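# Predicted model and sequence below, questions to follow.
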There are 2 protein chains.
Amino acid sequence: MTRQQLIDLIRQRQSFLCVGLDTDLSKIPAHLQGNPDAAFLFNKAIIDATIDYAVAYKPNLAFYESMGIGGLVQLKKTMDYLHQLDKPAFTIADAKRGDIGNTSKQYAKAFLDPQGDFNFDAMTIAPYMGEDSVTPFTVYEGKWVILLALTSNKGAFDFQFLESNGRRLFENVLEKSKQWGGEDNMMYVVGATKADMLGDIRRIVPNSFLLVPGVGAQGGSLEEVCRYGLTSECGLLVNSSRGIIYASNGEDFAERAADEARKLQQQMASFMR
Amino acid sequence: MTRQQLIDLIRQRQSFLCVGLDTDLSKIPAHLQGNPDAAFLFNKAIIDATIDYAVAYKPNLAFYESMGIGGLVQLKKTMDYLHQLDKPAFTIADAKRGDIGNTSKQYAKAFLDPQGDFNFDAMTIAPYMGEDSVTPFTVYEGKWVILLALTSNKGAFDFQFLESNGRRLFENVLEKSKQWGGEDNMMYVVGATKADMLGDIRRIVPNSFLLVPGVGAQGGSLEEVCRYGLTSECGLLVNSSRGIIYASNGEDFAERAADEARKLQQQMASFMR
């Protein structure tokens, strides 16, 4: 999906909501458990219930990998389902990959290649290994790198705020990465729990899309994120995972997920005006 | 595998060689291609040919993921084969994972859990997200985190040498991580292409095991690595991937792999004296 297509989709749905598919078999409703396709059936119901209120879906690879090889089959079924829907959605492999160039090329093939098993629009990448670990993900047309800048967790304070050259590490990552890609193929992860940093971030990447996790379960505020992060073209994808997909663990889980997604969409629409 | 078991294995085989299983279907011998088990059969032949000269095997996850779900089946067959051999080997998932605590826990389950599909001894982890992204990998008994410190690629210079608090980032990672694990469950990746830094690294982690990629194809020197990195208990796992597994792409690939592994083992034995 190109930048313009994403912006159009956001305007059309009046939403910049990303639904995180952190599908955990121990947390899904009892009536689905035991079914070999439980993870897919859960995802399908969540997608059907939320797609009018969301523009993006972000399966978290760890949750599928932890189910073993069968978990990847569930992920493929989920992606196949998303690809055949007549309502488009931006898809993000939350994979946090990154390795020497030769190896990153293989990860890009695994998740972004249109001929591959998954064909995601974007994937999250860790910046520690620098340029040649990131650029192999920028070569697929209409596909995106989403580089970790400032993450939503407590551990973000261990290294991401270390200062050198008058800049904190996450700012050095943003600055440097502008040489590797542009607003058409690179986004950044910025945690909602650190929304007050969004002003500093916008000074470095004024128009880039930011993927913002941490609203809801992790404690971030949508209002603050919008105050500092919204641009005239929106420029945000705000993720909610647990707050939507585990809104209920009863048979009404999909309806309750729709309720939570609709609430967020309505707030987002009001902030976009 | 515990630290003592690893040290004993290194002494017994007189080797600290790790063979990198970066298995690429476009590079394996023609007579194996087309077989649905080509990657596994290639790995099996390489393992059989090298296990007397090596103590560790390191499948690079990217190469299996890029084959799609079928690639993970090949990886599982490889791991099952290694686990049933009567000659032990230390196994490393070269996965470069790392995410918020809740998610890292799922990655740890995917690759380290004895009940899981793979049951590796260790996995490589990226440090960018800090403590809670790393500690979930330290909870499995006899299993290891191998944290990226100083990588072998050109991109290492983008961020890993940034100085703050009078220390470069890779040194800050080493220092900080000592609060998260110890010599019994944490190793570090240090590229052989930067062997002259090993002295500085040994001042921070004098006894920790270091996983050293980059000897051979990437240009690192085994002699230099040993000069600065060897400890009285060895303290090194030196990886070679392409130099061994692609020594020949003919029907003699396994014999040639054995030749290259034996040469490295003999050099290693001489440095260990």
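Yep, it's here. Only a predicted model underlies this, so the values are computations on that prediction, with no experimental measurement involved.
# wait, what's in contact with the closest residue in space to residue A:110 that isn't next to it in sequence?
The shortest distance from residue A:110 to any non-neighbouring residue, by Cβ to Cβ, 6 or more residues apart in numbering or on different chains, is to residue B:65 (3.8 Å). C-beta coordinates here come from the backbone N, C-alpha and C atoms, glycine included. Applying Cβ atoms under 8 Å, 6 or more residues apart in numbering or on different chains, we find residue B:65 in contact with A:106-107, A:110-111, B:71-72.
# let's see it at 10 Å
For residue B:65, the contact set (Cβ atoms under 10 Å, 6 or more residues apart in numbering or on different chains) comprises A:61, A:65, A:72, A:95, A:97, A:106-107, A:109-111, A:116-118, B:71-72, B:75, B:95.
# and if you look at residue A:201?
Contacts of residue A:201 by Cβ under 10 Å, 6+ apart are A:149-150, A:170-171, A:174, A:188, A:190, A:194-195, A:208, A:210, A:228-229.
# ditto for residue A:248
The neighbours of residue A:248, taking Cβ under 10 Å, 6+ apart as the test, are A:29, A:254-257, A:259-260.
# and those as TSV, adding neighbour count and secondary structure?
Below are the contacts of residue A:248 laid out as TSV (neighbours: other Cβ atoms under 10 Å in any protein chain shown; DSSP: H, G, I helix; E, B strand; the rest coil):
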residue	neighbour count	secondary structure
A:29	17	coil
A:254	20	helix
A:255	14	helix
A:256	17	helix
A:257	26	helix
A:259	17	helix
A:260	23	helix
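# Show me the shaky parts of the stretch 101-250 of chain A.
Along the stretch 101-250 of chain A, the parts satisfying pLDDT under 70 run over A:217-219.
# mind running it again at 90?
For the stretch 101-250 of chain A, applying pLDDT under 90 flags the ranges A:165, A:192-196, A:214-221.
# In it, what residue spans correspond to strands?
With DSSP state E, counting those that start in this stretch as the criterion, the stretch 101-250 of chain A has strands at A:122-125, A:144-150, A:163-164, A:167-168, A:186-190, A:210-212, A:236-240.
# Report the buried members of the contacts of residue B:65.
Buried subset of these (neighbour count, 16 or more other Cβ atoms under 10 Å in any protein chain shown): A:61, A:65, A:72, A:95, A:97, A:106-107, A:109-111, A:116-118, B:71-72, B:75, B:95.
# Can you give me the neighbour number for the residue lying closest to residue A:132 once chain neighbours are set aside?
Sequence neighbours aside, residue A:101 is the residue nearest to residue A:132 in space, at 3.7 Å (criterion: Cβ to Cβ, 6+ apart). Residues lying near residue A:101 (other Cβ atoms under 10 Å in any protein chain shown) number 17.
# Now do whichever helix or strand residue A:95 is part of against strand A:186-190, angle only.
In the assignment (DSSP states H and E), residue A:95 maps to strand A:90-97. For strand A:90-97 against strand A:186-190, the angle by axes from the mean of the first three to the mean of the last three Cα atoms, to 10 degrees is 70 degrees.
# could you give me the average pLDDT of strand A:90-97?
Averaged across strand A:90-97, the pLDDT comes to 98.
# Can you give the distance of it from its chain's centre?
Centroid displacement of strand A:90-97 relative to its chain, using Cα atoms, centre = their mean, to the nearest Å, is 6 Å.
# what angle do it and strand A:236-240 make?
Here strand A:90-97 runs at an angle of 70 degrees relative to strand A:236-240 (the same axes, to 10 degrees).
# Does residue A:33 touch residue A:24 like I think?
No. Using Cβ atoms under 10 Å, residue A:33 makes no contact with residue A:24, being 11.3 Å away.
# okay, the two: which has more neighbours?
Per other Cβ under 10 Å, whichever of residue A:33 and residue A:24 has more neighbours is residue A:24, with 18 against 12.
# And the pLDDT at the more buried one?
On pLDDT, residue A:24 comes in at 96.
# For residue B:76, see how far away it is.
22 Å (Cβ to Cβ, to the nearest Å).
# Check residue A:176 too.
As for residue A:176, its distance to residue B:76 is 38 Å (criterion: Cβ to Cβ).
# Residue A:43 now?
Counting by Cβ to Cβ, the gap from residue A:43 to residue B:76 is 24 Å.
# Among those two, which residue is more densely surrounded?
Set residue A:43 next to residue B:76 and count neighbours by other Cβ under 10 Å: residue A:43 wins out with 26 against 18.
# quick one on the thing from earlier: okay if I get the contacts of residue A:201 as JSON lines plus distance to chain B and neighbour count?
Converted to JSON lines, the contacts of residue A:201 look like this (distance: Cβ to the nearest Cβ, whole Å; neighbours: other Cβ atoms under 10 Å in any protein chain shown):
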{"residue": "A:149", "distance to chain B": "10", "neighbour count": "29"}
{"residue": "A:150", "distance to chain B": "10", "neighbour count": "25"}
{"residue": "A:170", "distance to chain B": "9", "neighbour count": "27"}
{"residue": "A:171", "distance to chain B": "11", "neighbour count": "22"}
{"residue": "A:174", "distance to chain B": "12", "neighbour count": "24"}
{"residue": "A:188", "distance to chain B": "13", "neighbour count": "24"}
{"residue": "A:190", "distance to chain B": "13", "neighbour count": "30"}
{"residue": "A:194", "distance to chain B": "13", "neighbour count": "24"}
{"residue": "A:195", "distance to chain B": "17", "neighbour count": "23"}
{"residue": "A:208", "distance to chain B": "18", "neighbour count": "24"}
{"residue": "A:210", "distance to chain B": "17", "neighbour count": "27"}
{"residue": "A:228", "distance to chain B": "22", "neighbour count": "16"}
{"residue": "A:229", "distance to chain B": "20", "neighbour count": "24"}
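# would you list the contacts of residue A:248 in JSON lines and tack on distance to chain B and pLDDT?
Listed next are those as JSON lines, based on distance: Cβ to the nearest Cβ, whole Å; pLDDT from 0 to 100:
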{"residue": "A:29", "distance to chain B": "20", "pLDDT": "96"}
{"residue": "A:254", "distance to chain B": "23", "pLDDT": "98"}
{"residue": "A:255", "distance to chain B": "25", "pLDDT": "98"}
{"residue": "A:256", "distance to chain B": "21", "pLDDT": "98"}
{"residue": "A:257", "distance to chain B": "19", "pLDDT": "98"}
{"residue": "A:259", "distance to chain B": "24", "pLDDT": "98"}
{"residue": "A:260", "distance to chain B": "19", "pLDDT": "97"}
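# residues touching the nearest residue to residue A:177 once chain neighbours are set aside, list them.
For residue A:177, ignoring the flanking residues on the chain, the nearest one in space by Cβ to Cβ, 6+ apart is residue A:147 at 5.5 Å. Neighbouring residues of residue A:147 by Cβ under 10 Å, 6+ apart: A:98, A:124-127, A:134, A:137, A:173-174, A:176-177, A:180-181, A:186-189, A:208, A:211.
# one more time with 8 Å, if that's ok
Contacts of residue A:147 by Cβ under 8 Å, 6+ apart are A:124-125, A:127, A:134, A:173, A:177, A:186-189.
# try residue A:213
A:20, A:151-152, A:189, A:191-192, A:220, A:239, A:241.
# if you set the cut-off to 6 Å instead, what comes out?
If you count contacts by Cβ atoms under 6 Å, 6 or more residues apart in numbering or on different chains, residue A:213 has them with A:152, A:239.
# From residue B:36, how far out is residue A:158?
Here residue A:158 is placed at a distance of 44 Å from residue B:36 (Cβ to Cβ).
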